[in-house]
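[1] Got a predicted model here, sequence first, then my questions.
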Amino acid sequence: MDEESVRKFVAAYLKKKGFKQTENAFQEELNKNTNNSSSPISFNSQFDPDVAKHILSFSEFEDGPAKYQDGYAKLRSWTYSSLDLYRHELLRVLYPVFIHCFMDLVAKGHVQEARTFFNSFREDHEMMHLRDLQKLEGVLSPSHLREMEFAHSLRQSKVNIKICQYSYELLLQFLHKSQSTTMLGIINEHINFQVSPGQPSSISDDAESVTLTGSSQDSANQINQKEIHWGLLEDSFEERLEKAGGLLLESEKAEGETKEGDWDENKKKSIEGAKQGSSIKKLKKDKAAGATGKNVRPEATPVATAPRVKAELTLPVIPTEVEQSILEDLRNRVQLSSAALPSVSFYTFINTHNGLNCASISHDGSLVAGGFSDSSLKVWDMARIGQQGVDSLQGENGTTSSEQVLGSNGGKRPYTLFQGHSGPVYSATFNPLGDFILSSSADSTVRLWSTKLNANLVCYKGHNYPVWDVQFSPVGHYFASASHDRTARIWSMDKIQPLRIMAGHLSDVDCVQWHANCNYIATGSSDKTVRLWDVQTGECVRIFIGHRSMVLSLAMSPDGRYMASGDEDGAIMMWDLSSGRCVTPLTGHTSCVWTLAFSGEGSLLASGSADCTVKLWDVTASTKLPKTEENKSGNTSRLRSLKTLPTKCTPVYSLRFSRRNLLFAAGVLSKTV
């Protein structure tokens with residue numbers, strides 16, 4: 001073993017251990033000896049052969065697979081034996097260390113040891129991170145690691161962990177005492193600690209404790225500093241109504257208080273009964289009234305307080321008769337509050353044999369669409385059910401099987417069949433007027449259909465993988481799509497290519513939602529974050545961090561200030577768009593929250609879940625509670641929940657408030673009745 005090799009190993013050892021001053025002194029001494037042309041330091045005479053062997057084997061030993069197994073096992077054992085007060089905070093460190101130990105082993109070619117390590121400790125993390133583990137399970141070689149986008153994202157980004165000062169110091173003390181340089185290196189490279197003074201946070205605050213954003217917390221905070229204009233569009237319909245006559249609003253309020261039941265009853269009759277003669281004109285009005293979508297919904301209070309912004313997109317022109325019908329609907333809106341809850345009209349699909357993937361309801365509830373696993377899209381007209389000798393139950397019985405459809409009399413079937421996709425249909429959305437419907441599919445395309453012509457008009461191709469969600473903008477014409485390719489895209493009906501591509505999520509974009517003023521879209525992802533994007537520039541202007549599982553549903557408040565998001569675990573979070581902070585978490589659902597909807601004036605939030613319930617939440621109280629009842633975090637969620645509406649055995653796929661504040665819901669009757 002020559003002296004040059006020993007010098008290199010000594011230098012490597014000092015660098016690996018982090019002895020910077022010693023390393024610098026060693027290098028200076030070497031340089032000094034070299035410059036003086038005197039004999040360099042002789043190691044052979046000073047070191048025992050055993051010491052030389054130890055130095056020689058240092059790098060191999062440090063990088064050996066056993067080091068990861070032993071280091072992680074010691075860290076895990078120490079964490080689980082910590083004091084109860086600090087344990088829940090220290091446990092947060094284990095998951096990122098676990099996945100990076102596994103990926104380091106794979107990257108260095110120790111595949112068999114990596115599998116053994118993964119299987120030994122995976123049970124610790126399955127409850128919280130099962131989806132991530134299932135993805136990593138497929139990594140079987142260094143090439144897999146390089147090619148897998150999810151693994152690449154994990155390697156490039158840091159995990160943010162909230163921890164108190166005491167827990168942080170305990171961890172550092174343990175790592176130094178145990179001389180676990182491998183663990184220390186992983187923690188240093190892949191974890192960004194947010195250290196807070198004082199005692200550990202309560203276990204209930206764990207929701208925001210561990211987050212993966214693809215960037216450091218500093219850059220996320222920097223993005224959230226960007227200015228956004230969350231107000232409503234200038235010259236909105238509510239504003240016109242307010243200017244046109246305060247008397248109308250006053251009479252509307254009185255009428256809403258005294259005749260709320262009548263309004264709801266009339267609305268139900270107009271939808272579920274046959275629409276004949278003049279009702280066709282009314283149907284057109286109801287559909288058309290959605291032309292401003294969520295802009296229309298705010299009542300006097302949010303309209304008066306919400307700021308005004310200019311539209312960044314060129315908005316379509318709305319015909320005069322449509323505007324009149326919108327104003328009429330606004331005047332006839334029922335006032336909702338915690339004391340006046342909405343009526344609910346529920347559409348149930350039966351005998352679908354698990355073939356229904358999604359449901360969508362038009363703005364007035366007169367049309368209901370279902371997307372199926374057999375690539376078909378079906379649209380039911382509520383006016384036809386009960387007519388032509390077709391009973392409503394019989395009509396829904398025929399919903400679901402293609403054999404029955406083909407064998408039945410086409411003139412009598414109560415729905416229109418749209419065929420064109422070559423994969424399961426995952427999402428459908430009506431435009432505000434109700435004359436167009438968009439559908440997205442596993443075949444990577446979005447298709448535009450005409451409900452008047454009963455035909456496919458356009459096939460939009462741009463995504464490379466299944467498209468999970470598609471949503472029309474509040475004014476129609478523009479729409480947004482979300483895909484497995486980790487992007488969201490903005491389109492217009494008259495162009496076959498996307499106008500904007502929003503890229504930044506680390507995993508699938510599962511849902512998309514437009515802001516009330518059409519200047520922003522929000523996207524929810526399997527990476528457990530929600531992002532807000534500027535439609536004009538295509539850049540991300542907000543990152544919302546806090547969900548513990550994939551985000552499945554989004555809703556924007558009518559005044560444009562708040563956003564609600566629901567996840568796979570049943571948690572709902574209310575966000576303030578201006579600050580990017582979570583105003584309040586809403587807990588109560590026991591399964592995935594598949595759909596969310598704000599009421600017309602924004603005072604109520606409805607949520608539909610796979611636990612077969614619709615829940616109504618008091619938005620006004622929810623947004624104020626954190627300021628007044630910070631110490632009652634255990635009970636506040638009960639106070640915010642106004643009512644739970646159970647179904648017999650029907651997971652809720654879709655919710656929508658009409659402009660008159662009737663709540664529509666749709667779902668498929670489960671076989672496990």
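    Arrived safely, thanks for sending.

[2] check contacts around the nearest residue to Leu577 once chain neighbours are set aside.
    Closest residue to Leu577 apart from its sequence neighbours, by CB to CB, 6 or more residues apart in numbering: Trp230 at 4.7 Å. C-betas here are computed from N, CA, C, even on glycine. When contacts are counted by CB atoms under 8 Å, 6 or more residues apart in numbering, Trp230 touches 307, 309, 515, 517, 520, 560-561, 577-578.

[3] Filter those residues down to the buried ones and hand me the ChimeraX line.
    Filtering those down to the buried ones (16 or more other CB atoms under 10 Å) takes a single ChimeraX command:
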select :309,515,517,520,560,561,577
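
[4] the helices in the stretch 501-650 of the chain, which residues?
    619-628, 636-640 (DSSP state H, counting those that start in this stretch).

[5] For those, which has the smallest mean pLDDT value?
    Mean pLDDT across the helices of the stretch 501-650 of the chain is lowest at helix 636-640; the value there is a mean of 51.

[6] Just the terminal-to-terminal distance for stretch 480-496.
    13 Å (CA to CA, to the nearest Å).

[7] Is it correct that Leu554 is in contact with Val530?
    Yes - counting by CB atoms under 8 Å, Val530 is a contact partner of Leu554 at 6.9 Å.

[8] overlap in contacts of these two?
    Listed contacts common to Leu554 and Val530 are 522-524, 563, 565; contacts here mean CB under 8 Å, 6+ apart.

[9] By neighbours, which of these wins?
    Using other CB atoms under 10 Å as the neighbour test, those are led by Gly524, with 31 neighbours.

[10] Next one: it from Asn332, what distance?
    33 Å (CB to CB, to the nearest Å).

[11] pLDDT at Gly546, what is it?
    pLDDT, read off for Gly546, is 84.

[12] Report the spatially closest residue to Gly504, excluding sequence-adjacent ones.
    Counting by CB to CB, 6+ apart, the residue nearest Gly504 is Cys540, at 5.2 Å.

[13] before we move on, what about Leu605?
    The shortest distance from Leu605 to any non-neighbouring residue, by CB to CB, 6+ apart, is to Trp617 (4.4 Å).

[14] Who are the contact partners of the closest residue to Gly420 other than its chain neighbours?
    Leaving aside its sequence neighbours, Gly420 sits nearest to Asn456 (CB to CB, 6+ apart; 4.6 Å). Going by CB under 8 Å, 6+ apart, Asn456 touches 418, 420, 447-449.

[15] helix or strand for Asp374, which one?
    Using DSSP states H and E, Asp374 sits in no helix or strand.

[16] same deal with Ala114?
    helix 111-121.

[17] Name the residues of that helix that come out as buried.
    Buried-residue list, helix 111-121, by 16+ other CB under 10 Å: 111, 113-115, 117-118, 121.

[18] Would you check that Pro432 makes contact with Gly476?
    Yes - contact criterion CB under 8 Å: Pro432 and Gly476 qualify, at 4.8 Å.

[19] quick one: which of those two has more around it?
    Higher neighbour count among Pro432 and Gly476: Pro432, with 28 against 22, using other CB under 10 Å.

[20] give me phi/psi at the more buried one?
    Dihedral pair for Pro432: phi -60, psi -30, per degrees, to the nearest 10.

[21] burial count for Phe472?
    If you count neighbours by other CB under 10 Å, Phe472 ends up with 23.

[22] correct me, but it touches Gly434?
    No - assessed by CB under 8 Å, Phe472 is found out of contact with Gly434, at 10.6 Å.

[23] tell me which element the residue nearest to Leu577 is part of?
    With DSSP H and E as criterion, Trp230 is part of no helix or strand.

[24] which residues does Pro646 contact?
    Pro646 is in contact with 612-613, counting by CB under 8 Å, 6+ apart.

[25] That one pairs with what?
    For Pro646, the beta-bridge partners are Thr613 (DSSP bridges).

[26] So it versus Gly570, what's the distance?
    15 Å.

[27] One more: Val619?
    19 Å.

[28] next one: Arg331
    For Arg331, the distance to Gly570 - CB to CB - is 38 Å.

[29] These two: which has the busier surroundings?
    The neighbour count for Arg331 versus Gly570, taken as other CB under 10 Å, is higher for Gly570 (19 against 16).

[30] Please name the residues that touch Val619.
    557, 562, 574, 598, 602-605.

[31] now do 6 Å
    Val619 is in contact with 603, 605, counting by CB atoms under 6 Å, 6 or more residues apart in numbering.

[32] so how far is Ser591 from it?
    For Val619, the distance to Ser591 - CB to CB - is 22 Å.

[33] Same check on Leu669?
    16 Å.

[34] for the stretch 51-200 of the chain, which spans come out with low pLDDT?
    51-63 (pLDDT under 70).

[35] Tell me where it has strands.
    For the stretch 51-200 of the chain, applying DSSP state E, counting those that start in this stretch gives strands covering 159-164, 191-196.

[36] Any idea how many residues pack against Asp124?
    Neighbour tally, Asp124, other CB under 10 Å: 16.

[37] How about the backbone phi and psi for Gly588?
    Torsion angles, degrees, to the nearest 10, at Gly588: phi 170, psi -40.

[38] Who are the contact partners of it?
    Residues near Gly588 by CB under 6 Å, 6+ apart: 615, 641.

[39] quick one: the residue lying closest to Leu175 once chain neighbours are set aside and Gln173, what's the gap?
    The shortest distance from Leu175 to any non-neighbouring residue, by CB to CB, 6+ apart, is to Leu184 (4.7 Å). According to CB to CB, Leu184 and Gln173 sit 12 Å apart.

[40] Comparing these two, which residue is more hemmed in?
    Here Leu184 and Gln173 are set side by side on neighbour count (other CB under 10 Å), and the busier one is Leu184, at 20 against 10.
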